[in-house]
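S.K.: Okay, sequence plus prediction incoming.
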Amino acid sequence: MSDFVDFSRLYPLKFTPIYQERIWGGSQMTEVLHRDVPAGKDPIGESWELVDRDGENSVLANGSMAGKTLEELVHHYGRELIGRKAKSADRFPLLVKLIDAGDRLSLQVHPDEEACRILGNGAEPKTEMWYIIAARKEAQILAGLQGRATRQQLMNRLSSPDVENLLQVYPSQPGDAYFITAGTLHAIGGGNLILEIQQNSDTTYRVSDWGRVDAAGKSRQLHIEQGVQSINFMNRTSPRIAGVAGQTSHNRKFDVVSICPFFTVADLRLVTTWNDDTTAAGSFHLVSAINGPIRVGKGDEIDRSVELAAGETVLVPACFGAYIIEPLGGECTVIRTTL
C-alpha cells in the first residue's frame, strides 16, 4: 500500500461500494445504473458509497493511495480533508448510500439529539436527504404525519395497513428530493432508486414492517416504544422538495437543503464545465453523478481528476481548492453536498 501523499497533492477520492442485502432489495442498481452487484440470499437493497463506522469502512479505489480506508484518511489528514465546519475531525460526519427498494421499507423513524439522550444505548441522531434517481410507475414516498393524525390513532393502527392513511403519501418523481429531519415517521416505497445523504448514524427504529416475514416465516424486530418516543408529533410540514422540470440550455444551481446544521445540498444541472471551489465553504464537497458520466478535479492534472459513472460519488478534500465538474455525455444532473 502506498504512503500518504502530501495534503497539497490530495485528489478527489472515490471509494469501493459496500453492498448490503435487504429483504426489500430491488434490481434498479443493475437495470438503471448498470452495476454488477453481488448475488446473495436476499437482493441488494443498499450500496454504502461512503462510510466511516466501526463495523463498515469505505476503501479508497483510485489514485496512489488506493487501498487505504476512509478512517485512515480522516485520521491522517484531519481538517485538511474534512474542513473547519465539522464539529469533530475524528470521524467523517456523513454517510452516503444508494437505496434500491424492490418492496417498501419498514415504517420507521430516526431519533434527534434529545431523544438519543433519553433513550441511551448508543442511539445516534440522524437527519437525512433523499434524492430520487429513478422510480417505477407506481412508486411512492411515505414521509411525515398528516395534519390531523394523533398519537393515539397511530398507536391504534401500527399493526394494521390502515396506518398508511395517517401518513403524507407522494408519487415518486425522479428529480424530487425529501428532507427527512430526525423525528419524521417515514417509509420508502417499492420501486424507488434513491441517493441518500445522512448524518453518520445507523440508528433506526421500526414501528411497523407491514406484516412482512422472511423465507423462514420470521418477522423482523420492531422498536415501537423507542420509535414512538422519537417521533416529532409537532412537525406536520411537507418534506418534499419538488424537482426542476424540463431541459436547460446553461448551467444552473438549485438549493435542495440550504438551512440545516448537518449538511447542505445543491442540485446542479450542467450542460458544460462547472467551476467550483472548496475554499469558500471551508468544507469537503461530495459530488454525486445522478444520470450521466462526469469528470471531477483539476482539469489540467490527470492524477488529480477522476471520472464518475451515474450513481457514483466522489469526496473532494476541503483543502483541494478550485476544481471543475465536467459533463461527459451531454446535459446531466449532479448533487453536491457540503457541511
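M.R.: Here it is on my side, so go on.

S.K.: S305 touches K298, doesn't it?
M.R.: Yes. The criterion here is C-beta atoms under 8 Å, and S305 meets it with K298 at 6.0 Å. Just so you know, the C-beta spots here come from the backbone N, C-alpha and C atoms, and that holds for glycine as well.

S.K.: So the two - more neighbours on which side?
M.R.: S305 (20 against 16; other C-beta atoms under 10 Å).

S.K.: residues contacting the residue lying closest to that one once chain neighbours are set aside?
M.R.: Sequence neighbours aside, G297 is the residue nearest to S305 in space, at 3.0 Å (criterion: C-beta to C-beta, 6 or more residues apart in numbering). G297 makes contact with 11-12, 304-306, 316, 323-324, according to C-beta atoms under 8 Å, 6 or more residues apart in numbering.

S.K.: Do you have the strands of the stretch 151-300 of the chain handy? List them.
M.R.: Using DSSP state E, counting those that start in this stretch, the strands of the stretch 151-300 of the chain run over residues 167-171, 177-180, 186-188, 192-199, 205-208, 240-241, 252-257, 264-270, 274-277, 285-289, 294-297.

S.K.: all helices for the stretch 51-200 of the chain, in order.
M.R.: 70-77, 79-82, 113-119, 151-157 (DSSP state H, counting those that start in this stretch).

S.K.: Who are the packing partners of the first one?
M.R.: Helix 70-77 makes packing contacts with helix 79-82 when contacts are defined by 3 or more C-beta pairs under 8 Å, 6 or more residues apart in numbering; DSSP states H and E.

S.K.: got the contact list for the helix it packs on?
M.R.: 7, 10, 73-74, 86, 89, 92-93, 283-284, 315, 317-319.

S.K.: before we move on, the earlier item: any idea which of the contacts of G297 has the most stuff around it?
M.R.: V316 (27 neighbours).

S.K.: Wait, that one touches H285, no?
M.R.: Yes. Using C-beta under 8 Å, V316 is in contact with H285, at 4.2 Å.

S.K.: related to what we said a few turns ago, out of the strands of the stretch 151-300 of the chain, which comes closest to S160?
M.R.: Across the strands of the stretch 151-300 of the chain, S160 has its closest neighbour in strand 205-208 (8.7 Å, C-beta to C-beta).

S.K.: now what about the closest one, what contacts it?
M.R.: In contact with strand 205-208 (C-beta under 8 Å, 6+ apart) are residues 106-111, 158-159, 163, 185, 220-224, 226-228, 230.

S.K.: Kindly recompute the last result at 10 Å.
M.R.: 105-111, 115, 119, 123, 154-155, 157-161, 163-164, 185, 187, 220-231 (C-beta atoms under 10 Å, 6 or more residues apart in numbering).

S.K.: Only the C-alpha atoms, please, for it, written as CSV.
M.R.: Taking C-alpha atoms only, strand 205-208 is exported to CSV below (Å, rounded to 0.1, in the frame of the first residue of the first chain):
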residue,chain,number,x,y,z
TYR,A,205,-36.5,2.4,15.0
ARG,A,206,-39.0,0.3,13.0
VAL,A,207,-42.6,0.8,14.2
SER,A,208,-44.2,-1.4,11.5
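
S.K.: Direction included, what does that strand pair against?
M.R.: With DSSP bridges as the test, strand 205-208 is paired with strand 107-109 (antiparallel).

S.K.: Bridge partners for the closest residue to L308 other than its chain neighbours, pull those for me.
M.R.: Spatial nearest neighbour of L308, chain neighbours left out: A289 (4.3 Å); criterion: C-beta to C-beta, 6+ apart. Applying DSSP bridges to A289 gives these bridge partners: V334.

S.K.: between the helices of the stretch 51-200 of the chain, which gets nearest to T16?
M.R.: Nearest to T16, of the helices of the stretch 51-200 of the chain and by C-beta to C-beta, is helix 70-77 at 10.6 Å.
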